[in-house]
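Asker: quick one, fold the following:
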Amino acid sequence: MERPPGSALDTLHPGTLSPQPLRALPVSQKQKSIFVDCPSLLPTLPILVTQTLLRVMREARINVLERAEVSEVQVHVAASASQICLDVTDNGRGFELAGASREGHRGIEIVHERAAAASSLLTITSAEGSGTRLRLRLPYREEERDR
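Answerer: Take a look at the predicted model:
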């Protein structure tokens, strides 16, 4: 599935992460509110951590904007000296996790693979009619920041 040109995520590069593009996520006609809680300054992150974060954010954005039929989305980003955390919660239609990959959409499977490759913890909770919550915890060590 193609992304719309000029997407905010297109402006980010591995090794850098600015909260500005997070606040500029596109809003579709079906959405009413996107709430973003992100520190104004984030630490310099290792390339693998940044790539994983951006790819998981991209998949979450695709699901929220194109599939979930939401009216409210909350995005929370927090960083410490040893990890960065992403939490995306929506009030959309939700889905059954067990059947998600069998319906021709491999996004959840791919996101789990990306998270595992970065030694991170990814949890997705959802149920039909109850919205979805994606939580990603990406650990890193200070000495990895230049890689």
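Asker: from residue 42, how far off is the nearest residue to residue 139 once chain neighbours are set aside?
Answerer: What sits nearest to residue 139 in space, not counting adjacent residues and going by C-beta to C-beta, 6 or more residues apart in numbering, is residue 83, at 4.6 Å. For every residue, glycine as well, the C-beta is placed using N, CA and C. Taking C-beta to C-beta, to the nearest Å as the measure, residue 83 falls 12 Å from residue 42.
Asker: now do residue 126
Answerer: Residue 126 is 27 Å from residue 42, by C-beta to C-beta.
Asker: neighbour count winner among these two?
Answerer: residue 126 (21 against 18; other C-beta atoms under 10 Å).
Asker: could you give the bridge partners of the residue lying closest to the more buried one once chain neighbours are set aside?
Answerer: With C-beta to C-beta, 6+ apart as the criterion, residue 126 has its nearest non-adjacent residue at 4.0 Å, and that residue is residue 132. When assigned by DSSP bridges, residue 132 has beta-bridge partners residue 90, residue 126.
Asker: now stretch 78-88: average pLDDT?
Answerer: For stretch 78-88, mean pLDDT rounds to 92.
Asker: what's the end-to-end length of that stretch?
Answerer: 12 Å (C-alpha to C-alpha, to the nearest Å).
Asker: list the buried residues of the longest helix seen in the chain.
Answerer: Counting residues, the longest helix found in the chain (DSSP state H) is helix 47-66. For helix 47-66, a neighbour-count test (16 or more other C-beta atoms under 10 Å) marks 48-61, 63-65 as buried.
Asker: check stretch 132-142 too.
Answerer: Buried-residue list, stretch 132-142, by 16+ other C-beta under 10 Å: 132, 134, 136, 138, 140.
Asker: can I get the residues you listed in CSV including secondary structure and pLDDT?
Answerer: Formatted as CSV, the buried residues of stretch 132-142 follow (DSSP: H, G, I helix; E, B strand; the rest coil; pLDDT from 0 to 100):
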residue, secondary structure, pLDDT
132, strand, 91
134, strand, 94
136, strand, 96
138, strand, 94
140, coil, 90
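Asker: correct me, but the residue nearest to residue 139 touches residue 138?
Answerer: Yes: with contacts counted by C-beta atoms under 8 Å, residue 83 reaches residue 138, the gap being 6.0 Å.
Asker: appreciated, that's everything.
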